[in-house]
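Undergrad: Attaching a predicted model along with its sequence, questions to come.
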Amino acid sequence: MNIPADMAALLRQGLANHVIASQLHTSPAKVQATRVALGLPNLALGPQGAASVQELFAARTEPLPGGHLRWTGTITRDGANKLRCRGHNYSAHAVAFRIRTGRDPIGRARTSCDMPRCVAPAHVSDQTERARDNAAFNALFGGAL
Ligand SMILES: [Zn+2]
């Protein structure tokens, strides 16, 4: 297997698959395959690790009327809501998505409600869900809008 040097370096830094995939514009599945090829362990996202990331997420959010959740944590220069836990960087949207679905987002997790930057788990969708919702919308309304 051809192992890209930049991906290997990011994996050795301990970044999550979806974070590396986002940085290198590739899929989390390819990052995971490289992780396996390098013999690197999966990130500790079991009950203890997940609880910790979720606790940090909860501590950096503020419930708003309408079920929205405002991010009060770090916002990067490019406008992303970021969370750092045990030396790993996480997208707050990806964490919210994982809280709701139990899996990492495919593509980028984004706010799907009308409140900019909302990170309520129910208000965050991934590329797969957006494509599905757009297809359903077009099936109902013929894409006429
Ligand atoms: Zn919302």
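TA: Sure thing, it's come through.
Undergrad: Which residues are in contact with residue 76?
TA: residue 82 (Cβ atoms under 8 Å, 6 or more residues apart in numbering). The C-beta positions use only the backbone N, C-alpha and C, and glycine is treated the same way.
Undergrad: in what helix or strand does residue 2 lie?
TA: Under the criterion of DSSP states H and E, residue 2 resides outside all helices and strands.
Undergrad: Look up how far residue 39 lies from it.
TA: Residue 2 sits 16 Å away from residue 39, taking Cβ to Cβ, to the nearest Å as the criterion.
Undergrad: Check residue 77 too.
TA: 34 Å.
Undergrad: A helix includes residue 119, no?
TA: No - judged by DSSP: H, G, I helix; E, B strand; the rest coil, residue 119 forms no part of a helix; its state is coil.
Undergrad: what's in contact with stretch 81-101?
TA: Under Cβ under 8 Å, 6+ apart, the answer for stretch 81-101 is 14-16, 18-19, 22, 43-44, 49-50, 52-54, 56-57, 60-61, 69, 71, 73-76, 80, 104-105, 108-111, 117, 119-126.
Undergrad: and the ion, which of those contact it?
TA: 120, 123 (Cβ under 5 Å from the ion).
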